[in-house]
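>>> From the sequence below, what's the structure:
(one chain, ligands or ions: 1)
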Amino acid sequence: MVRAIELAQDVRTTTSPNPWVGCVIVDRAGEVAGEGATAPPGGPHAEISALALARERARGATVYVTLEPCAHHGRTPPCTDALIRAGVARVVAGVSDPDGRVAGAGFRALEAAGITVSKGLLAGAVGDQLRPYLVHRATGRPYVVLKLAATLDGRTAAPDGSSRWITGDEARRDVHRLRAESDAVLVGAGTVRSDDPALTVRDDAHPEPRRQPLRVVLGHVPAGARVQPALERGGDLGAVLDELGRRGVLQLLVEGGAHVAQGFHRAGLVDRYVWYLAPAFLGGDDGRPILAGRGPRRWQMPGAAGSSRFAGSEVTCASTSSPTRCGSLRCRRRKAKRCRDELRVRGCVAAGRLDAGEGGGDRRADGKHRGGDRSYRTR
Ligand SMILES: NC(=O)c1ccc[n+]([C@@H]2O[C@H](COP(=O)([O-])OP(=O)(O)OC[C@H]3O[C@@H](n4cnc5c(N)ncnc54)[C@H](OP(=O)(O)O)[C@@H]3O)[C@@H](O)[C@H]2O)c1
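Numbering: from 1, shown residues only. Just a heads-up that it's a prediction; the model follows:
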């Protein structure tokens, strides 16, 4: 099953709206006779590719497959028919398929043909890998990933709206991977106005041709914006998710800014938070926050009654090790070194450099703040 999970991972960005599935066939002698992964839509499912390689050795074999085999005619015929025809003895599956057209029918068809079925092998790992598909089929809505990049003092942009680039190459590459995994990418009109992002997948590791995500903007897209063509939407975010779900969007990547991020967060619509922390301070309390607007009046420990809103959401917090510098902070070598050491002790910065000097946000003895920098730039 571990190998089947690896095979599925290889096709993570090419199968949607179908699930990314891996399959390994082990013959009666205990040797791997065939393996396969889901082809792009219209192509063979993982089981069919593995059977094609195993040929006669599939008779009496054990089939390890990450997802319950399909039992219906979609773009391709049912995998259960092919498994039964091939004479396999046993099917070991990771998770059941919640798709209404399968939902246990795959297992029942195999069992009715005398094939032994075992369910739930490495179900946790497979469930994590297939989460966007499983969420979409169970709820009709996409799995929502909220991604933001912030400085260590929690700022996503300077007061003038500039934010390029808070993180470095490493984080940007990761964002392109997240976009490639997503069927749609969404930003607010504020981000379009200030950053004019293209929101396309540009990843040297995965050359063309590649599927580009649907681009969605909350609000109006100004003429000439690089994000065009884009779907312009607004209003109730749940209704936006319903529509995207109907369009076959399994995973939606929300890329901010702070108002849009807060909208999804407050409504409890985020399934996974991906936070990139740059080893830099903006300084001051007038930069753009991670989440805009009013928060709760009182701090509650996560898990305390009333704070269950985020239960079940996954949080990935990555500190970038790229040598991002905050050009607006006057760096003094001695002070920067001290900051870096302190942060390492606290485990905030996994690796890399912190090039930050005194910053502009020190709380003065009179309790007033000095403003931070007006503009964010890297050098
Ligand atoms: N560091 C990061 O990761 C990151 C990521 C993205 C952006 N940014 C920065 O964030 C800043 C932009 O953020 P922002 O908070 O000003 O704007 P934003 O969140 O990108 O967009 C907010 C705008 O979206 C429109 N909108 C329409 N329907 C909405 C809805 N249901 N919920 C929320 N918004 C809706 C409204 O536009 P109208 O007012 O036109 O109606 C609203 O003003 C920029 O400075 C950008 O550089 C940073």
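
>>> Was I right to think residue 20 contacts residue 38?
Yes - Residue 20 is within contact range of residue 38, at 5.7 Å (criterion: C-beta atoms under 8 Å). Using the backbone N, CA and C atoms, a C-beta is placed for each residue, glycine as well.

>>> what pLDDT does residue 280 get?
Looking at residue 280, its pLDDT is 86.

>>> Make 817 the first number, not 1, from now on.
Shifting the count to begin at 817 puts that one at residue 1096.

>>> So it versus the ligand, what's the distance?
For residue 1096, the distance to the ligand equals 12 Å [C-beta to the nearest ligand atom, to the nearest Å].

>>> Contacts for stretch 1072-1082, please.
The contact list for stretch 1072-1082 (C-beta atoms under 8 Å, 6 or more residues apart in numbering) reads 960, 962-964, 972-973, 1002-1004, 1006-1007, 1010, 1034, 1053, 1070, 1086, 1104-1109.

>>> Out of those, just show me the ones up against the ligand, please.
Residues of the contacts of stretch 1072-1082 in contact with the ligand (C-beta under 6 Å from any ligand atom): 964, 972-973, 1003-1004, 1006-1007, 1010, 1034, 1053, 1104, 1108.

>>> can I get the residues you listed in JSON lines with neighbour count, secondary structure and pLDDT?
What follows is those, written out as JSON lines (neighbours: other C-beta atoms under 10 Å; DSSP: H, G, I helix; E, B strand; the rest coil; pLDDT from 0 to 100):
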{"residue": "964", "neighbour count": "20", "secondary structure": "strand", "pLDDT": "91"}
{"residue": "972", "neighbour count": "24", "secondary structure": "strand", "pLDDT": "93"}
{"residue": "973", "neighbour count": "26", "secondary structure": "strand", "pLDDT": "91"}
{"residue": "1003", "neighbour count": "25", "secondary structure": "strand", "pLDDT": "98"}
{"residue": "1004", "neighbour count": "21", "secondary structure": "strand", "pLDDT": "98"}
{"residue": "1006", "neighbour count": "19", "secondary structure": "helix", "pLDDT": "96"}
{"residue": "1007", "neighbour count": "27", "secondary structure": "helix", "pLDDT": "95"}
{"residue": "1010", "neighbour count": "16", "secondary structure": "helix", "pLDDT": "93"}
{"residue": "1034", "neighbour count": "23", "secondary structure": "strand", "pLDDT": "98"}
{"residue": "1053", "neighbour count": "19", "secondary structure": "helix", "pLDDT": "98"}
{"residue": "1104", "neighbour count": "24", "secondary structure": "strand", "pLDDT": "93"}
{"residue": "1108", "neighbour count": "18", "secondary structure": "coil", "pLDDT": "94"}
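
>>> which parts of the stretch 1067-1195 of the chain sit against the ligand?
By the rule C-beta under 6 Å from any ligand atom, the part of the stretch 1067-1195 of the chain lying against the ligand is 1071-1076, 1079, 1104, 1108.

>>> List just the nearest of those to residue 955.
For these, the residue nearest residue 955 by C-beta to C-beta is residue 1079; the value is 18.5 Å.

>>> quick check, the closest one in a helix?
Yes - under DSSP: H, G, I helix; E, B strand; the rest coil, residue 1079 falls within a helix.

>>> dump the residue contacts of residue 864.
Residue 864 makes contact with 852, 892, 895, 898, according to C-beta under 8 Å, 6+ apart.

>>> for residue 818, same thing?
Going by C-beta under 8 Å, 6+ apart, residue 818 touches residue 938.

>>> Quick check, residue 1012 in contact with residue 1037.
No - shown here, residue 1012 and residue 1037 do not form a contact pair, counting by C-beta under 8 Å, at 10.2 Å.

>>> For the two, list the residues in contact with both.
Counting by C-beta under 8 Å, 6+ apart, the shared contacts of residue 1012 and residue 1037 are residue 1043.

>>> Looking only at neighbour counts, state which of those two leads.
Applying other C-beta atoms under 10 Å to residue 1012 and residue 1037 shows that residue 1037 carries more neighbours, namely 19 against 12.

>>> Phi first, then psi, for the more buried one.
phi -90, psi 120 (degrees, to the nearest 10).
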